[in-house]
Structure formats: structure tokens, C-alpha cells
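Next one to model:
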Amino acid sequence: MLNWIWLGLIVIAIVVAGGRDISEFSGDRFRNEKPLVIRKTDSVSLTGFITKVSLTDHYGEDVGMTVDTLPVTLEIDGSGRIVAMVLPEAAPKVWKEIAEVHGDGTKITGEGFHFDHYDITFTPQPVYFRFFAKITDSLVKSVETAVTLALGLIGIMALWLGIMKIAEAAGFVTLLAKMARPLMVRLFPEVPPEHPAMGAMLSNMAANFLGLSNAATPLGLKAMEELNKLNPVSGTATNAMCMFLTINTSAITLIPATVIAVRASMGSQDPTDIIVPTLFATMIALTCGVFFNRFIQRFFPVKPAEVKGGAAA
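Predicted coordinates:
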């Protein structure tokens, strides 16, 4: 389901971006291939100005300038050709949008010619499909960030998972499971104490407590499989299933290895200072989750007739 949601969001983004690009193209918003006329301040300099009236006539709409005359500075390359126009502070929005597409947003690239001693015609590089280009650029940057982050996680994850694996081999996980058994009997009264589901749930919680997310996942799946064997109506979640899902989602975490690894890869000076806040946050989340789960089970129980009816439907 989550994959379909992501796919839907991507499709919506592409459709919206394509629609806006087509709208800009059909309305010739950026006046592609149409030169701007810049009046020079003197016959030799590369500074000049353009009036608000001229820009309004050029773009066919009020460009939102706060001044009547806008100063302009042009740039030349090694051969003396005019190749760019530096944006002034009071540049109109349409110029800023063009400059963003052309580079870092500080100037508009294009080609300029001396029309006469006092006028320069400057033709910006055309702008097409800028929203679609933004989506593509964002996707590429996201992929680069994901790869960089993943590579940065290898070392710290290997360290913490190695430590946790040693704790598991030393029997620490089993010890935690035994310590939690009396509480588990109260949380899951409908599950027999010696049932395999109880052992799988205990192991899953112990693994989550130690930050062993890779080990906790298959244990959680095994626990749900065993709980389903006690389910009188297949396909309908029981109270035990709902409670286990709540505990698994808001599990108390002593060592958040993944978060520590992410903070370390992003350059945090003290990546482990998240341990205490995470412990308190997960304790509060677990307490609230268990409380509301019990509250719903007690005051809004699902009647057998409703369960059967829902399963039949």
C-alpha cells in the first residue's frame, strides 16, 4: 500500500509540474527569444537601466517592481561578448525565476548586442519545463543524498550491530525476555504463557530495546504469525495483535543505533546524546499506546457478531 501511495504522489507531482510548464509555455511567460532593450548609462560602460514601463510592455503584465527604474549590470566573457546580466536587488519576480533556472539565481545568462551607442539588446537563454526540471533535479539530489547517507552509515551501524550481536550471543536478549515475562502475561491474558507467540513477542521487544531493528523485524513477523494461530476469525486483528502492534511500534529503545548512525554520518559532534531523550520519548509513547489500547478494548469492545459480520463482508 505504501508503495502505491508513493507512486501516486510522484504521478501527481509530475502531472502538476507538467500542467504548469504547459501553461507557462502556451502563455509565453518568459518571452523566450525576445530581446530586452537596456539603456546604457554612457557609451562605453556595461552598466545601464531599464524602466518599469518597458518591462511591463515586454512581459505583458505588471512585473511587480517597487522602483520605476532598475539598474542593470552586464557581464562579458574573454572575447568581449556580453554573456550575462547580473540581477539587481529589486529585480522582478520573473527575472528571479529565470535566473534560478539558469544557475545560482544571481544572474541571467544570454547574449547581448550593442544596438547603438546607448542601447543594448539582451536575449536571455530560453526557459522551458522549469517545474519538470525541478522535479528531476530533486530526484537526482535525493538519490545522491541517499547513497551518501547509506555509505556513511556502514561503519557506525557495523559497530553498534556488532556490539548488540555480542549482547545477544551472551544471552542478554534472553535475560531481558525472561524479566519481561510477568508483565507480558498481564498485557496478553488471552495468550497462553508457554505459547510460541509469547516467546516471539518477548524476543522482538528485547531486540527493539537494544536497537536490533534487523533482528526485531523477523521476530515481529513470527509473533504475528503465531498470534494468528490463536485467532478465532482469520483476517481480523485480535486484541493481542493490536496490543503487540502498539508495543512494537512504540517500543522502548535503549540504544537507537540507526539514529546514532545517521547523526554521526551528518557530522554531529556528539551523536550519542540522543540516547536519553530517545529512552524517555519511547517510554512515554509506549505508556500512552498501551493505555489507549486498553481503554479502547475495555470501553469499545468488538462484539462477536460484528467481527463475524465484518469478516463475512
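
Determine the number of other residues adjacent to residue 265.
19 (other C-beta atoms under 10 Å). Any C-beta I mention is one placed from the backbone N, CA and C, and that applies to glycine too.

just residue 81 next, same as before
Using other C-beta under 10 Å, residue 81 has 11 neighbouring residues.

from what I can see it touches residue 111, true?
Yes: contact criterion C-beta atoms under 8 Å: residue 81 and residue 111 qualify, at 7.3 Å.

okay, and the helix or strand of this structure with the least pLDDT?
helix 304-312 (a mean of 47; mean pLDDT, DSSP states H and E).

how would you label residue 135: helix, strand or coil?
Secondary structure for residue 135, judged by DSSP: H, G, I helix; E, B strand; the rest coil, is helix.

Tell me the pLDDT of the closest residue to it other than its chain neighbours.
For residue 135, ignoring the flanking residues on the chain, the nearest one in space by C-beta to C-beta, 6 or more residues apart in numbering is residue 17 at 5.3 Å. We have a pLDDT of 88 for residue 17.

for residue 11, same thing?
88.

so which strand or helix has it?
Using DSSP states H and E, residue 11 falls within helix 2-26.

Now do the buried residues in that helix.
Residues 13, 17, 21, 24 are the ones in helix 2-26 that count as buried (16 or more other C-beta atoms under 10 Å).

helices or strands next to that helix in the packing?
helix 130-169 (3 or more C-beta pairs under 8 Å, 6 or more residues apart in numbering; DSSP states H and E).

For residue 228, see how far away residue 288 is.
26 Å (C-beta to C-beta, to the nearest Å).

same deal with residue 145?
From residue 145 to residue 228 the distance is 39 Å (C-beta to C-beta).

before we move on, what about residue 201?
According to C-beta to C-beta, residue 201 and residue 228 sit 13 Å apart.

The two: which has the busier surroundings?
Neighbours per residue (other C-beta under 10 Å) separate residue 201 from residue 228, with residue 201 holding more: 29 against 16.

Three-state assignment for the more buried one, please.
Reduced to three states by three-state DSSP, residue 201 is helix.

re the thing from before, need the contact partners of the helix holding residue 11.
Outside helix 2-26, the residues that touch it by C-beta atoms under 8 Å, 6 or more residues apart in numbering are 30, 128, 129, 130, 131, 132, 134, 135.

Please, where are all the strands along the chain?
36-40, 47-51, 69-76, 82-86, 107-114, 119-124 (DSSP state E).

number of nearby residues for residue 253?
Residue 253 has 23 nearby residues by other C-beta under 10 Å.

err, residue 145, not the other one
When neighbours are counted by other C-beta under 10 Å, residue 145 registers 10.

Run a quick neighbour tally on the closest residue to residue 53 other than its chain neighbours.
Spatial nearest neighbour of residue 53, excluding adjacent residues (C-beta to C-beta, 6+ apart): residue 68 at 8.0 Å. By the criterion of other C-beta under 10 Å, residue 68 has 9 neighbours.

give the contact list for residue 68.
Going by C-beta under 8 Å, 6+ apart, the list of residues near residue 68 reads 51, 52, 53.

so the first one touches residue 70, yeah?
If I follow you right, that is residue 51. Yes: using C-beta under 8 Å, residue 51 makes contact with residue 70 at a distance of 7.4 Å.

Of the two, which one has the most company?
Between residue 51 and residue 70, counting by other C-beta under 10 Å, residue 70 is the more crowded of the two (23 against 15).

What residues does that one make contact with?
Here residue 70 is in contact with 49, 50, 51, 52, 55, 88, 90, 91, 92 (C-beta under 8 Å, 6+ apart).

Which pLDDT value goes with the last one?
Going back to what we said before, that points to residue 92. 89.

Just give me the neighbour total for the nearest residue to it once chain neighbours are set aside.
Among residues not flanking residue 92 along the chain, residue 63 sits closest, at 3.8 Å (C-beta to C-beta, 6+ apart). Neighbourhood size, residue 63 [other C-beta under 10 Å]: 17.

same thing with residue 219?
Using other C-beta under 10 Å, residue 219 has 22 neighbouring residues.

gap between it and residue 301?
For residue 219, the distance to residue 301 - C-beta to C-beta - is 29 Å.

What separation do you get for the residue nearest the centre of the chain and residue 262?
For the chain, the residue nearest the mean C-alpha position is residue 142 (8.7 Å; C-alpha atoms, centre = their mean). Note on residue 142: its distance to residue 262, by C-beta to C-beta, is 15 Å.

With residue 150 instead?
Counting by C-beta to C-beta, the gap from residue 150 to residue 262 is 10 Å.

cool, and residue 182?
From residue 182 across to residue 262, the span is 35 Å (C-beta to C-beta).

Between these two, which has more neighbouring residues?
Neighbours were counted for residue 182 and for residue 262 using other C-beta under 10 Å; residue 262 has more, 18 against 9.

ok, residue 234 touching residue 228?
Yes: if you go by C-beta under 8 Å, residue 234 and residue 228 touch, sitting 6.9 Å apart.
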